[in-house]
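1. Below are the sequence and a predicted model; questions follow.
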Amino acid sequence: MDRIAITGGAPLAGTIPIYGAKNSALKLQAAALLSPEPLVLENMPDLADTRFMAQLLASLGVEVAWIKEARTLRLHAADIASTIAPYDQVRKMRASFNVLGPLLARVGHATVSLPGGCAIGARPVDLHLKAFEAMGADIHIDRGYVKAAALRGLKGAEIEFPFVSVGATEHAMLAAVLADGETVLKNAAREPEIADLAECLNKMGARIEGAGSHEISIRGVASLKGARHAVVADRIETGTYALAAAAATGDVLLEGANAHHLDALWGVMRAAGVDVQEEPRGVRVRRNGRRVAPVDFETEPYPGFPTDLQAQTMALLCLADGRSRIRETIFENRFMHAPELTRLGAQIAVHGNEAVVTGVEHLIGAPVMATDLRASVSLVIAGLAAQGETVVNRVYHLDRGFERLEAKLADCGARIERLKEPRE
Ligand code: UD1
C-alpha cells in the first residue's frame, strides 16, 4: 500500500492551483441521471471518489467520458438501464447514496444500499428518507437496502429539516426538481456546494430559488435538458493548502480559490498571526518564522467554521505559543487525528467533543496512520512543519479527496514523495 514520506522544515513558496470541489462534483455527477441529454462538467477533480461515482453511474446505464486534458467529464443518461446501487458500491463511498433521489424522480423507483457507518461517526440518512416520504415516496428498508417507489411521480412538499444537513438538502433538491408542484426546504444547508448544484440544475431547466439561504424553493418541471457547468473551486482544498503554507511557513498563492467561501477559516488564521490576502488570481497566504498564536474555535454549518478543516487547523495550532480549544459540533468521533499528531510530539487532550491543544515549539517526524480523508491531510501538514521524516501510512484516504497532492506541494519546495512499495 502506498505511503507518503515527508522531510519537514522546508518553507513553501509558489503557486498552487485549486481544482473543482469534490463534494460538489459528486452531487453534480448524480444530477446527470435526471436528464436524457448530456451533462458536461468542467473543472472536474480527478479523484478516487469522482472516478468511483462515474463507475457507479456507468453501471446504471450512463455513458461516461473523461476528457482528461480538459478536466472535463461528460455524462449522458439517455436511458437508465438499472435502478439498483449495490452494497459493495455504496459502502465504499457514502456520496453514492445520492443516486437514490434522481433515480426516484426520473424512473419512479430505486433500490440503493444504506451507506452504513464510517470512521467519523454514525452518519445516518434518516433526513434524506423523510424528505422523499414527504414528497410521496414509499420507503422500505429491506436487508440493508432502501427500496423507494413513487410510481405516480413525486409531489412537491414543504420540508423543514430538524437540523442542518448538507447531504439531505442536496438530495431533496435532486429529487424535487422533477416533482409535481412546489417544494420548499426550510432550515436548508447554505454551503457553496449547494448553490453550485442549484446553479447547474437551473442550467438544466430546473426552477430553484434561494439556494445558499435557509429556505430553498423548487418548482418542479416535467423534464430537464442537458447543460455545461464548471464545478465550484474546492474550499476545503484551498483551506488545506492555506494551512499547509502557514504550518510550514512561506508564501503561497492559491490560484483560482474563492476567498469568500472561507471567511471563518481566515478569521482563525489571522487571529493565529497568519497573513491572508485576497488577490485577483486567488488567495495569498504568508507566514514568517514567528510562532503562531493560539486560537479557540468550533465547527459549525456554513458560513461557520467547516468541520472538514478542523483536523488541518489543529495541526497548525499544535505549534502555537499557548493553548487552543477546539469544539467539534458536526460529527462525533472526529478527533482521530489527535493521537496521531501526538506521535509527532503534539500535546492534545480530547474530552468528548472538545480538544485542548497546548502548543509546542517543534514537532518531530514519526510514522503515522491516516484514518480518514481530512485527518490524513492534517498529518501531511504536521509532517511539513516537523523536524525530520514523517511517513503517512494508508494514504488511499488522501487519494479520495486530493488530486496531485504531493506534486502540488513539491512544486512549492516541499520535500515530499510517494513510496509505492512498503519499505520493511
Ligand atoms: C457533507 C460533506 C462532508 C462534510 C459535511 C458537513 C459530502 C460528500 N460530504 O457530508 O465532507 O463534513 O457535509 O459539512 O458533501 N445527519 C443525520 N441524518 C441525516 C443526515 C445527516 O443525523 O439524514 C447528521 C450527520 O450524522 C452529521 C450532521 O447531520 O452529524 C451533518 O451531516 P451532513 O451535513 O448531512 O453531512 P454530509 O452531507 O454527510
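-> Looks like it came in fine.

2. contacting residues for the closest residue to the ligand within the chain?
-> Nearest residue of the chain to the ligand (C-beta to the nearest ligand atom) works out as Gly167 at 2.6 Å. Just so you know, the C-beta spots here come from the backbone N, C-alpha and C atoms, and that holds for glycine as well. By C-beta atoms under 8 Å, 6 or more residues apart in numbering, Gly167 lies in contact with Ala95, Phe97, Asn98, Val125, Leu127, His128.

3. change it to 7 Å
-> His128 (C-beta atoms under 7 Å, 6 or more residues apart in numbering).

4. Can you pull up the residues of this structure that come close to the ligand?
-> 23, 26, 95, 121-128, 165-168, 189, 307-308, 330-331 (C-beta under 6 Å from any ligand atom).

5. buried subset of the residues you listed?
-> 23, 26, 95, 125, 127-128, 165-168, 189, 307-308, 330-331 (16 or more other C-beta atoms under 10 Å).

6. would you say Ile326 is within a strand?
-> Yes. Membership of Ile326 in a strand is supported by DSSP: H, G, I helix; E, B strand; the rest coil.

7. residues in contact with it?
-> Ile326 touches Phe297, Gln310, Met314, Glu354, Ala355, Val357, counting by C-beta under 7 Å, 6+ apart.

8. give me the number of residues near Glu133?
-> Glu133 is flanked by 15 other residues according to other C-beta atoms under 10 Å.

9. next one: the one 10 residues further on
-> Here the number of neighbours of Arg143 (other C-beta under 10 Å) works out to 8.

10. What segments of the stretch 251-400 of the chain are helices?
-> Secondary structure of the stretch 251-400 of the chain by DSSP state H, counting those that start in this stretch: the helices cover 263-271, 310-317, 337-343, 373-385, 396-401.

11. Switch the ones you listed over to JSON lines; also include distance to Gly14 and mean pLDDT.
-> Listed next are the helices of the stretch 251-400 of the chain as JSON lines, based on distance: least, C-beta to C-beta, whole Å; pLDDT from 0 to 100:
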{"stretch": "helix 263-271", "distance to Gly14": "19", "mean pLDDT": "98"}
{"stretch": "helix 310-317", "distance to Gly14": "19", "mean pLDDT": "98"}
{"stretch": "helix 337-343", "distance to Gly14": "26", "mean pLDDT": "96"}
{"stretch": "helix 373-385", "distance to Gly14": "14", "mean pLDDT": "94"}
{"stretch": "helix 396-401", "distance to Gly14": "20", "mean pLDDT": "87"}
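
12. Kindly reformat these as JSON lines containing mean neighbour count.
-> Below are these laid out as JSON lines (neighbours: other C-beta atoms under 10 Å):
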{"stretch": "helix 263-271", "mean neighbour count": "18"}
{"stretch": "helix 310-317", "mean neighbour count": "28"}
{"stretch": "helix 337-343", "mean neighbour count": "21"}
{"stretch": "helix 373-385", "mean neighbour count": "28"}
{"stretch": "helix 396-401", "mean neighbour count": "20"}
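
13. where does Ala407 land in three-state SS?
-> helix.

14. these two touch, right, Leu100 and Ala148?
-> Yes. Using C-beta atoms under 7 Å, Leu100 is in contact with Ala148, at 6.1 Å.

15. Inside helices: which ones of the residues of the chain next to the ligand?
-> Residues of these located in helices (DSSP state H): Asn23, Leu26, Asp126, Leu127, His128, Val166, Gly167, Ala168.

16. Now do the contacts for the closest residue to the second one other than its chain neighbours.
-> What sits nearest to Leu26 in space, not counting adjacent residues and going by C-beta to C-beta, 6 or more residues apart in numbering, is Ala95, at 4.1 Å. The contact partners of Ala95, by C-beta under 7 Å, 6+ apart, come to Leu26, Asp49, Met53.

17. Could you pick out the one among those with the lowest pLDDT?
-> Within the contacts of Ala95, Asp49 has the lowest pLDDT, namely 92.

18. helix/strand/coil for that one?
-> Classification of Asp49 using three-state DSSP returns helix.

19. so Ala264 makes contact with Pro303?
-> Yes. Using C-beta under 7 Å, Ala264 is in contact with Pro303, at 6.2 Å.

20. how near is Val166 to Gln347?
-> Val166 is 33 Å from Gln347, where distance means C-beta to C-beta, to the nearest Å.

21. what sits against Ile327?
-> Actually, residue 327 is Arg rather than Ile. Glu298, Asn353, Glu354.

22. for the contacts of Ile326, which one is nearest Ala206?
-> Gln310 (33.1 Å; C-beta to C-beta).

23. Domain-wise, how is the protein divided?
-> With domains defined by automatic domain parsing, the chain comprises 3-19+233-419, 22-230.

24. Centre of the chain to the longest one, how far?
-> The chain centroid and the centroid of domain 22-230 are separated by 15 Å under C-alpha atoms, centre = their mean, to the nearest Å.

25. Counting neighbours, what do you get for the closest residue to Arg325 other than its chain neighbours?
-> Leaving out its chain neighbours, the residue that sits closest to Arg325 by C-beta to C-beta, 6+ apart is Asp296, at 4.4 Å. Here the count is done by other C-beta under 10 Å, and Asp296 has 15 residues near it.

26. ok, which stretches of the stretch 1-150 of the chain are helices?
-> Assigned by DSSP H, counting those that start in this stretch, the stretch 1-150 of the chain shows helices spanning 22-31, 48-59, 87-90, 100-107, 126-134.
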